[in-house]
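> I would like to see how this sequence folds:
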Amino acid sequence: MDQLHLLWEFQKADVEVDKLEASIRRSPVRQKLVKYKDLYTEQQTAMKRMESEVSAMQDRLEALKDALKMTNEQLHNLHAKMESDPPKNSAEVQQFMNDAKRFQNNLTAYEQEVKRIRKDAGDRERQQHDVRVRAAKAKSEFEKLKLVYDDEKHEKDSELDSLRAAAAEKAKPIEKEFMERYKEIKRHSVPPLAMLNGDQCQGCNMSLPSSVVRKVKAGELVECETCGRLLIIV
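Below you'll find the model as predicted:
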């Protein structure tokens with residue numbers, strides 16, 4: 001048997017391996033497993049983001065606490081000065097009123113920001129609770145399905161090992177150059193070999209020039225001009 005026909009026989013075994021691998025990937029249990037894994041990862045990411053946001057809120061609250069204390073002291077000192085050294089003219093009165101208004105505006109702004117941050121923090125706490133519940137549910141479902149999937153995969157892996165061993169056996173008499181060409185074509189066309197039926201490539205159903213057909217019939221290595229598959233007459 002020539003190298004091209006050895007490749008054809010190997011391809012039959014290789015196709016069976018590919019089919020089973022695709023079946024394993026498309027397993028409904030595996031797809032659900034991936035879904036719950038992704039959901040759990042998504043909840044973990046959301047939790048970390050919210051923890052970072054809460055931490056930033058806490059830092060800001062501490063800064064606001066200091067700012068409120070300092071502003072209250074400034075306002076107290078201003079009133080103390082007013083009592084100990086009352087304004088002597090209208091300009092000083094106006095300056096006092098401007099300073100007092102500025103301090104009071106700052107206090108109001110700080111207090112409003114504190115109120116807003118506390119509300120946001122409360123919202124984050126509720127959101128964190130919801131995220132924890134979703135994460136726990138996803139993890140629980142994942143762990144239950146993992147047991148089912150492991151049993152299923154063990155059975156499929158045994159079958160897959162047998163098919164791979166059969167394919168490896170058929171690959172032994174194939175020369176390195178031919179196998180490398182097979183693998184190169186497989187990167188863009190699956191399966192890599194196609195039968196020539198009359199003047200038509202069975203891989204892409206395109207008709208080929210008579211000169212190409214003659215080369216295939218002569219046993220030369222010829223790739224389809226359209227799909228790139230190696231052509232063979234079986």
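> Which stretches in the chain count as strands?
For the chain, the strands defined by DSSP state E occupy 193-197, 200-201, 230-232.
> Buried residues in the longest one, which are they?
For strand 193-197, the neighbour count (16 or more other CB atoms under 10 Å) marks Leu193, Ala194, Leu196 as buried. To be clear about C-beta, it is placed using only N, CA and C from the backbone, and glycine gets the same treatment.
> residue with max distance from the center of the protein?
Of all residues in the chain, Lys88 sits farthest from the chain's C-alpha centroid, using CA atoms, centre = their mean; the distance is 71.3 Å.
> distance of the nearest residue to Arg134 once chain neighbours are set aside from Glu143?
Nearest residue to Arg134 in three dimensions, chain neighbours excluded: Gln43, at 5.1 Å (CB to CB, 6 or more residues apart in numbering). Look at Gln43 and Glu143: by CB to CB, to the nearest Å, they are 15 Å apart.
> Also Arg187?
38 Å.
> try Glu53
Per CB to CB, Glu53 is found 29 Å from Glu143.
> for Asp38, same thing?
Where Glu143 is concerned, Asp38 sits at a distance of 15 Å (CB to CB).
> and what of Glu184?
42 Å.
> do Leu163 as well
As defined by CB to CB, Leu163 lies at a distance of 30 Å from Glu143.
> Format the strands of the chain as CSV; extra columns: mean pLDDT and distance to Gly122.
Listed next are the strands of the chain as CSV, based on pLDDT from 0 to 100; distance: least, CB to CB, whole Å:
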stretch, mean pLDDT, distance to Gly122
strand 193-197, 96, 66
strand 200-201, 96, 68
strand 230-232, 95, 68
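> Let's have the ones you listed in JSON lines, adding distance to Glu159.
Listed next are the strands of the chain as JSON lines, based on distance: least, CB to CB, whole Å:
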{"stretch": "strand 193-197", "distance to Glu159": "24"}
{"stretch": "strand 200-201", "distance to Glu159": "32"}
{"stretch": "strand 230-232", "distance to Glu159": "28"}
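> Ok, which of those comes nearest Asp2?
Closest to Asp2 of the strands of the chain, according to CB to CB: strand 230-232, at 9.7 Å.
> For that closest one, name the packing helices and strands.
Other elements packing on strand 230-232 under the criterion 3 or more CB pairs under 8 Å, 6 or more residues apart in numbering; DSSP states H and E are helix 3-25, helix 176-186, strand 193-197, helix 210-217.
> As PDB, could you dump the C-alpha coordinates of the last one?
To tie it back to what came earlier, the one meant is helix 210-217. Extracted C-alpha coordinates of helix 210-217, given in PDB (Å, rounded to 0.1, in the frame of the first residue of the first chain):
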ATOM      1  CA  SER A 210      -8.200  17.400 -16.600                       C
ATOM      2  CA  SER A 211      -4.500  18.000 -16.000                       C
ATOM      3  CA  VAL A 212      -5.000  17.800 -12.300                       C
ATOM      4  CA  VAL A 213      -7.100  14.600 -12.600                       C
ATOM      5  CA  ARG A 214      -4.400  13.000 -14.700                       C
ATOM      6  CA  LYS A 215      -1.800  13.700 -12.000                       C
ATOM      7  CA  VAL A 216      -4.000  12.200  -9.300                       C
ATOM      8  CA  LYS A 217      -4.600   9.100 -11.400                       C
END
